Structure formats: C-alpha cells, structure tokens
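Participant: Sequence and predicted structure, then a few things I'm wondering about:
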Amino acid sequence: MSIYDAIIIGTGQSGKPLAVTLARAGWKVAVIEREHVGGTCINVGCTPTKTLVASARVAYLARRARDYGVDAGAVKVDMKSVYERKRAMVERFRGNGQKTLEKTPNLELIFGEARLKDAKHVVVELKAGRTREIEGRRIVINTGGRPAVPPIPGLERVPFLDSTSIMELIELPRHLVVLGGGYVGLEFCQMFRRFGARVTIVNRDPRLILREDPDVSAEVEKILKEDGIEIFNSTQVTRLEKIGAGVRVVLGTGKESKKISGSHLLLALGRVPNSDRLNLGAAGVETDNSGFIKVNPKLETNVPGIYAIGDVKGGPAFTHISYDDFRILRENWVNGGNATIEGRPVPNCVFIDPQLATVGLNETEAQKSGLDYRVAKLPMTGVARAQEMSEARGFMKAIVDAKTRQILGCTVLGVDGGEIMSMLQIAMMGKLPYPAIEEAIFAHPTLAESLNNLFMTLDPR
C-alpha cells in the first residue's frame, strides 16, 4: 500500500494548487480526480459560462450598433460556433492544469472515484476498472457540488437542463423556461435571450436575487424586462407536463393557475455537495442536514487529519473563496502560520450585463445589525464614462459608518461593476475613510472617477 503525506480528493480551485504547493515543499502527495482536472470553475462553471456571456454580449452590442452610429447589418448567432469556442477554452484550461499536476515531482495524479475506508485510508475505483487502496497522513476533500434537482411533480417525465447540460446546446431554444431567480438562473436567462431565444423566468420568491437589497432586485428586474425577458415572481411550479419535444409548466400564483409552454426547461434551483458518495460515515466525518461537510475555522473536520475545502464544506460557493481555502492550508501547513477563515471578505460578481458586484455589508444587513450608517448612492446615468459608452443602466451604492466614515460595503450594478467594486474593496482593506476617495484624483474620463461623485452624495456642495 502506498503511503502519502497528503491525499487530496478533487482537483478544484483549492485542491489543485494545494497539491502542487505541498509537493514542491517536499511532501509526497496523491491527487484523486473522478473526471476532469479543474473542478466546477474550469469545466462547468466560471470558464465556460463567462466565455458564453462574452459571446452573448457581442450579439447584444451588434444589435445595438445603430446606437453608436454603426450599421452592422442583420445579426445571426451560430450556436455551434459559440459552443465550439466555449469547448476549446475549457479544454485549454483543463489541459494546462492536468499537465501541471503530471509534471510536478512528488505528486501522483490518480483518475478514479474515491471513498473513505477509515480516517487514514482511501479506496479508489480506478477508471481502468481496478481498485486501489492508499493511506494518507492527512486527507483533504475538495469534491465540490452539482446542480440540485428538487422534487417537482412530473419532472421525471419531462426533458430538462441544468447549469451543466445547457452549455452543451448547439441549437438555440425557441422558448427557454428558467426555474429559479438566483444568480445562476439570471446569467443564463439573459445570455440565451441575447442569443435570440424567448426566455421566461419562474421565481418562487417575491423578488429576484432575494439576498440583495430590494432596490437592487428591482433594478435588475427592470433591466431584464428591458431585454425582453418575462418574469413571474411569487410563483410556484405545481406540475410539469411533456408536450411533444417540449414541456408545459403549470404555475400557481396564489388563487390563480397559469400554464406556459416552452421548448426547453432549465432548473436553476441551487446546488448540492458532492459528499454523498465519499462514504464519510466510515471515517466518522460529520455533515450538516444538506450534506455539506462541517469544518472549523482552520478547515479541519471533526476527525483530526481530515479537512474539507471549496464548495463541499458549504458557505460562499465562489472560486476565489475556494482558492483562499488553499491559502489558509498553505499558510498553516507549509509556513507554520495560524490562518483561519474568520472575518475574510467575500466579494462577488454576477456576470449579468451590467455586472452586479458586491462586497461587505449591504443596506439590509447594516439595518438588521443596528449600525449607525449612511448610504451613498449614484445612478450610472451620473457617470460620464458610462454615458459615453451608452451603458448607463444600474447604479452604485456604498454603506459607510456614520462616525468613523469607514466603508462597510458596496453594491455596484453597472458596466464593469466588478472592477469598480474591487477598488472599493481595496479601500476597505486599507481602511481608507470615504473622504479619501471622494477627494482622490482619478484619470478622466474613467469609470473609477465615478467614485468621487458617489461619495459626494454624502457631502453635497
């Protein structure tokens, strides 16, 4: 039996860099991957979706060409070419990651499905058909998650898509019905609307993206409706029916009932952890009621020597948070540090267009916390650069402490919103009070200089 200093199950955005770092530090490392190197982000998440978003934005701008005094003619989207561009991008990223693992000394990449035998031993069902057992002084679980398939009457009898399979389409849906009003659903609904499909959102919540402030949800809904997307809020799906090659969705909205028919159905109703096939009970590893692995602030489970990183442990399901999990283990294991996940910032950017980016507290959270705060808010129509680009939808908003004038958080719904949010995140990290940004000299005309005007709303002149 092979014995390793560390066994890492999964090659996501924390597992892969951790394996390489430990191996380069002289550890003997085994990495087990069930399917493709790179995890959710590279294979079915960030890389493919943002590649598709870029194609959809080109189609959108081409149709708006006359707004800029340009005649681009009729716009035609070749979905097969869009798909091939996405596939090539994924394969390049995935291949580069696999080559890195394979070329790293002290590291063995094993393809197969892992399950725990006990707190020190892992059994791997190899792709070649054999079974292999290995031992690790430490075991790290980085198996990520997958799209949830909740019980809906009739679902077992109708064809449906999830956030993975929808990216394999090489033909445009005639009418895409999206169940879910969260971040994933909104990215796909706007993307496919721009490709040319009719799109309807069915949202069980009273408003879209319920985690955001009400004014943010309302502005996002306004933007999506401007793009021609139909939205049903506070609406439950009571039954699904197969009709020809498509699907009929029976809706319940209070006392009323409504039916809509679509050519394609997308489930965008959350994600579940890939923990159910690991045989965690054999090692005594605890999970919560949803199957997410419980960890302490240093990412260790209740079983000494077994750790969980990335989406499988629950919490914010973002690539950058997963990567920071790697940083924490690197600091503690290689550098002898004492890093934890407590108090770390959680920035987020949703790649609808315009982008929706957040970090820190929003207004709702500040209010619930009983803080003495002020709100700076500026519509993107007040941003010169956005006007020049004819991209003036949305607004930016910052929450500041009324006494210390420190920035507590921000939400930017606007063109390149993720970049503007990141500037404010850096200010928060450096503990810059908002007047320092209000009076800063930024190049003109840039989106960055809008931060002057944003904070001037707190100090009218």
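Facilitator: Ah, there it is.

Participant: Run through the residues that contact the residue nearest to the spatial centre of the chain.
Facilitator: In the chain, the residue lying closest to the centroid (Cα atoms, centre = their mean) is Phe318, at 5.0 Å. With contact taken as Cβ atoms under 8 Å, 6 or more residues apart in numbering, Phe318 is in contact with 346, 348. Every residue, glycine included, has its C-beta placed from N, CA and C.

Participant: what about it, distance to Ala282?
Facilitator: 30 Å (Cβ to Cβ, to the nearest Å).

Participant: the domain parsing of this structure - what is it?
Facilitator: Here the domain assignment for the chain is 2-147+272-333, 155-269, 354-456, based on automatic domain parsing.

Participant: With distance to Glu342 and mean pLDDT as new columns, can the ones you listed be given to me in TSV?
Facilitator: Shown next, in TSV, are the domains of the chain (distance: least, Cβ to Cβ, whole Å; pLDDT from 0 to 100):
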stretch	distance to Glu342	mean pLDDT
domain 2-147+272-333	5	97
domain 155-269	21	96
domain 354-456	15	98
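
Participant: So for Arg344, which of those sits nearest?
Facilitator: Closest to Arg344 of the domains of the chain, according to Cβ to Cβ: domain 2-147+272-333, at 6.3 Å.

Participant: In the stretch 51-200 of the chain, mark out all the helices, start to finish.
Facilitator: Ranges of helices in the stretch 51-200 of the chain, per DSSP state H, counting those that start in this stretch, are 79-103, 183-195.

Participant: Would you tell me which one of those is buried the most?
Facilitator: helix 183-195 (a mean of 23; mean count of other Cβ atoms under 10 Å).

Participant: so what secondary structure elements neighbour that helix?
Facilitator: With contacts defined as 3 or more Cβ pairs under 8 Å, 6 or more residues apart in numbering; DSSP states H and E, the secondary structure elements packing on helix 183-195 are helix 46-63, strand 175-179, strand 198-202, helix 214-226, strand 264-267, strand 348-350.

Participant: just to revisit the earlier point, how about CSV for the helices of the stretch 51-200 of the chain, with distance to Gly129 added?
Facilitator: Shown next, in CSV, are the helices of the stretch 51-200 of the chain (distance: least, Cβ to Cβ, whole Å):
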stretch, distance to Gly129
helix 79-103, 21
helix 183-195, 35
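
Participant: among those helices, which is nearest Gly370?
Facilitator: Short answer: helix 183-195, nearest of the helices of the stretch 51-200 of the chain by Cβ to Cβ, at 28.0 Å.

Participant: what's the angle between that closest one and strand 198-202?
Facilitator: 160 degrees (axes from the mean of the first three to the mean of the last three Cα atoms, to 10 degrees).

Participant: quick thing: my sequence starts at 50, can you match it?
Facilitator: Shifting the count to begin at 50 puts that one at helix 232-244.

Participant: returning to that earlier point: include distance to Cys459 and mean neighbour count when you put the helices and strands packed on helix 232-244 into CSV, please.
Facilitator: As requested, the helices and strands packed on helix 232-244 are arranged in CSV below (distance: least, Cβ to Cβ, whole Å; neighbours: other Cβ atoms under 10 Å):
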stretch, distance to Cys459, mean neighbour count
helix 95-112, 22, 18
strand 224-228, 28, 24
strand 247-251, 26, 22
helix 263-275, 11, 17
strand 313-316, 31, 24
strand 397-399, 11, 20
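
Participant: And those: which comes nearest Thr287?
Facilitator: strand 247-251 (10.9 Å).

Participant: what helices or strands is that closest one leaning on?
Facilitator: Where contact means 3+ Cβ pairs under 8 Å, 6+ apart, strand 247-251 is packed against strand 224-228, helix 232-244, strand 279-281, strand 305-311.

Participant: mind checking which of the ones you listed is nearest Gln147?
Facilitator: Across those, closest to Gln147 is helix 232-244 (Cβ to Cβ), at 26.2 Å.

Participant: Convert the C-alpha atoms of the closest one to PDB, please.
Facilitator: The C-alpha trace of helix 232-244 is given here as PDB (Å, rounded to 0.1, in the frame of the first residue of the first chain):
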ATOM      1  CA  TYR A 232     -27.600  34.300  -9.700                       C
ATOM      2  CA  VAL A 233     -27.100  31.300 -11.900                       C
ATOM      3  CA  GLY A 234     -30.500  31.500 -13.500                       C
ATOM      4  CA  LEU A 235     -30.200  35.200 -14.300                       C
ATOM      5  CA  GLU A 236     -26.900  34.700 -16.100                       C
ATOM      6  CA  PHE A 237     -28.300  32.000 -18.300                       C
ATOM      7  CA  CYS A 238     -31.600  33.700 -19.000                       C
ATOM      8  CA  GLN A 239     -30.000  37.000 -20.200                       C
ATOM      9  CA  MET A 240     -27.400  35.000 -22.100                       C
ATOM     10  CA  PHE A 241     -29.900  33.000 -24.100                       C
ATOM     11  CA  ARG A 242     -32.200  36.000 -24.600                       C
ATOM     12  CA  ARG A 243     -29.300  37.700 -26.300                       C
ATOM     13  CA  PHE A 244     -28.600  34.700 -28.400                       C
END
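
Participant: before we move on, the earlier item: kindly reformat the helices and strands packed on helix 232-244 as TSV containing distance to Arg141.
Facilitator: Below are these laid out as TSV (distance: least, Cβ to Cβ, whole Å):
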stretch	distance to Arg141
helix 95-112	9
strand 224-228	28
strand 247-251	30
helix 263-275	32
strand 313-316	26
strand 397-399	23
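
Participant: Now do the same contact list for the residue lying closest to Asn501 once chain neighbours are set aside.
Facilitator: With sequence-adjacent residues excluded and distances taken as Cβ to Cβ, 6 or more residues apart in numbering, Asn501 is closest to Glu487, at 6.0 Å. The contact partners of Glu487, by Cβ under 8 Å, 6+ apart, come to 500-501, 504-505, 507-508.

Participant: if I look at Glu487, how far off is Asn502?
Facilitator: 9 Å.

Participant: now swap in Thr287 and tell me
Facilitator: Distance from Thr287 to Asn502, counting by Cβ to Cβ: 48 Å.

Participant: same check, this time on Ile190
Facilitator: For Ile190, the distance to Asn502 equals 47 Å [Cβ to Cβ].

Participant: out of the two, which sits in the busier spot?
Facilitator: A count of neighbours by other Cβ atoms under 10 Å puts Ile190 above the other of Ile190 and Asn502, at 29 against 15.
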